[in-house]
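**Student:** Below is the sequence, then the predicted model.
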Amino acid sequence: MEIHRCAWCVGDSLYEQYHDEEWGVPLHDEQELFEFLILETFQAGLSWITVLKKRENFRNAFDNFDYQKIALYTDDKKQALLQNAGIIRNKLKVNATVSNAQAFIKIQEEFGSFDTYIWSFVNHTPIINSWAHHKDCPATTDTSDIISKDLKKRGFKFVGSTVIYAFMQAIGMVNDHVVDCFRHKEV
């Protein structure tokens, strides 16, 4: 029996595994939320598969996305990251990762958790869309615009509306699996 998936992932086993097991599944773990946020910021201007293939390297380079540690990174640590061929070596994005970790902690202090903060934008309930084709799915929405502006106001970098909408999709704030995808009803 043939499994129907969203067309964007078909043909690459890593992409298919990510689609089948993670993409669109509601996520509430603080460290995993931070990981996805940072990976999405590194993806800005690139394809997701590029980032996905380097994910383990990112985990190793960035202390398993421990935002408490990352918030304290020194200039020497940032320089070492820029020499790491296993990750995307972009000085602005590396610097943004440190400042985003600091801003992430401030949100936790204000709201009790980043999870509470981010999910409040959708009333703690995923938005279920019904796209016939993945090309029907928007790159941004009014909600991603609002979140992007709020995060920027709080000191986050590389969090434009397109990045934030991709983040929302990844962590299950929106279900953008196409309707004939086997995951649409599962998540």
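**Tutor:** Structure received. Numbering: from 1, shown residues only.
**Student:** tell me the mean pLDDT over the longest helix seen in the chain?
**Tutor:** Within the chain, and with DSSP state H defining each element, the longest helix by residue count is helix 91-111. Mean pLDDT, helix 91-111: 98.
**Student:** Can you report how many residues lie near His184?
**Tutor:** Neighbours of His184 under the rule other CB atoms under 10 Å: 19. All C-beta atoms are positioned from the backbone trio N, CA, C, and that covers glycine.
**Student:** can I assume it is in contact with His177?
**Tutor:** Yes. His184 is within contact range of His177, at 4.1 Å (criterion: CB atoms under 8 Å).
**Student:** Just list the residues touching the residue nearest to Thr97 when sequence neighbours are not counted, thanks.
**Tutor:** Of all residues not flanking Thr97 in the chain, Ile38 sits nearest, at 5.5 Å (CB to CB, 6 or more residues apart in numbering). Residues near Ile38 by CB atoms under 8 Å, 6 or more residues apart in numbering: Phe58, Phe62, Phe65, Thr97, Asn100.
**Student:** Show me the two of those residues that sit farthest apart.
**Tutor:** Greatest spatial distance among those (CB to CB): Phe58 and Asn100, at 13.7 Å.
**Student:** Who has more neighbours out of the two?
**Tutor:** Applying other CB under 10 Å to Phe58 and Asn100 shows that Asn100 carries more neighbours, namely 25 against 22.
**Student:** so what's the more buried one closest to, chain neighbours aside?
**Tutor:** Closest to Asn100 by CB to CB, 6+ apart is Phe156, at 5.3 Å.
**Student:** Could you do Gly24 as well?
**Tutor:** Gly24's closest residue in space is Val187 (CB to CB, 6+ apart), at 4.6 Å.
**Student:** What confidence value was assigned to the one you found?
**Tutor:** At Val187, pLDDT is 87.
**Student:** So it sits against Glu22, correct?
**Tutor:** No. Between Val187 and Glu22 there is no contact under CB under 8 Å: 9.9 Å.
**Student:** This completes my enquiry, with thanks.
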